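Student: Sharing a model that was predicted from the sequence below.
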Amino acid sequence: MMQKPETARKRIESIDQLRGVVIIIMALDHVRDYFHADYFLFNPTDLTKTNAAIFFTRWITNFCAPAFVFLAGTSAYLMDQRKSKTELSRFLFTRGLWLVFLELTVVNFAWFFNPHFPFFRLQTIWSLGISMMALSVLIYLPKKIILATGLLILFLHNSLDNIHVQGNGIKAFAWAALHERKNFIYFGHTFRVSYPALPWIGIMALGYCFGSLYRKEVEAQKRKTYLLVIGISAIVLFIVIRAINIFGDLSPWSVYSRTITTLLSFLNVTKYPPSLLYTLMTLGPCLIFLAIAEKPLGKFGNAITIVGRVPMFFYILHLYLIHLGALLAIELTGGSWRNMILSSPDNNVQLKGYGFSLGGRLSGMDRHCADPVPLLQTV
């Protein structure tokens, strides 16, 4: 069998740098999840309760998941240049299964520290895994068909927003896994599909096609031009479609008495599942970053690159470190570490009074947490 040419064996630093940046942003967001007092009281994007600082602390993290999934598709294309289709397909499918397993076990435990596993969230790592398994089939299609599939999913999946399958059965779960955020209860455990897979499959398919820009025969300046044109076009398209306020997102924006609140409303697009506007808003700047990062970013860039080369390691490590830090913080501020053994991501009333302001000071509320809540027993 003829071997594929030796292409793309060197890591592409700009891609690793983007991964590193979004890992750092994600870590900051998860620090807020476990240390910010208001996180336990309201959603930071709830415009009736939030402020600009809290809103943007959460909004900036929107770039993380799309960048991970898109670049995973790009990495798959680069692997395609040196592996056979069968080898790549097998790798993507088995890696996808492994990621789904990690989401349900290692990652889920990091979020809750609850050995009874009362709550399972299917989110970032799950969506990566399911998308990889889907891509393991899509790669057998011509590149133009893969690109068309990704674009059709991106631009048309919001037409499915009003389709719902009621109940707790397999059909309802299958539909939620594709396109509807929803909770299910099986054997006394709650399963929340936070990242319905269909739009993420489209994003990964587009990332796979995007990888062709990183072939050796593509000149760096030409690639940079493409990155800038596509990135800027995505941002402009986001602004135009969002301004029309008819299509592309479940949440229309509104005009408020304060300009800043109107701006927050304009930017407050739907992540679960990621809407067309959400995807344009996030991937556009990511592509511009890749264009800028074509040139070395110095020592700081090198440090970020190290993080971006092993994103899964840092993803899992930072969850455990942050949650362990929260156990220590709650003890030092008058509460009990047991209150950080969580049964769900919602309605953790035992944490009322715990937490810090964005500036790092203790909340002005009662600093003593409620009595420890016992671990939820499995049914």
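Tutor: Perfect, thanks for sending it.
Student: mind listing the strands for the stretch 1-150 of the chain?
Tutor: Applying DSSP state E, counting those that start in this stretch to the stretch 1-150 of the chain gives strands spanning 119-122.
Student: so where's it uncertain?
Tutor: Where the stretch 1-150 of the chain drops to pLDDT under 70, the residues are 1-10, 40.
Student: and with 80 instead?
Tutor: For the stretch 1-150 of the chain, the stretches flagged by pLDDT under 80 are 1-11, 38-42.
Student: which stretches of this structure form helices?
Tutor: Here the chain has its helices, by DSSP state H, at 13-35, 52-59, 64-80, 85-102, 108-112, 124-138, 143-156, 170-179, 197-210, 220-244, 259-267, 276-292, 298-309, 311-332.
Student: could those go into a markdown table alongside distance to Trp253 and mean neighbour count?
Tutor: To be clear about C-beta, it is placed using only N, CA and C from the backbone, and glycine gets the same treatment. Formatted as a markdown table, the helices of the chain follow (distance: least, CB to CB, whole Å; neighbours: other CB atoms under 10 Å):
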| stretch | distance to Trp253 | mean neighbour count |
| --- | --- | --- |
| helix 13-35 | 23 | 21 |
| helix 52-59 | 13 | 17 |
| helix 64-80 | 20 | 24 |
| helix 85-102 | 34 | 16 |
| helix 108-112 | 31 | 19 |
| helix 124-138 | 26 | 23 |
| helix 143-156 | 20 | 16 |
| helix 170-179 | 22 | 16 |
| helix 197-210 | 20 | 25 |
| helix 220-244 | 7 | 15 |
| helix 259-267 | 4 | 15 |
| helix 276-292 | 10 | 22 |
| helix 298-309 | 33 | 16 |
| helix 311-332 | 32 | 17 |
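Student: now do the same end-to-end measure for stretch 247-264.
Tutor: End-to-end distance for stretch 247-264: 18 Å, by CA to CA, to the nearest Å.
Student: what do you get for stretch 330-345?
Tutor: Terminal residues of stretch 330-345 lie 17 Å apart, using CA to CA.
Student: With stretch 284-300 instead?
Tutor: Across stretch 284-300, first to last residue, CA to CA, it's 23 Å.
Student: List of residues touching that stretch?
Tutor: Contacts to stretch 284-300, defined as CB atoms under 8 Å, 6 or more residues apart in numbering, come from residues 13-15, 17-18, 21, 63, 66-67, 70, 220, 223-224, 227-228, 230-235, 238, 301, 304.
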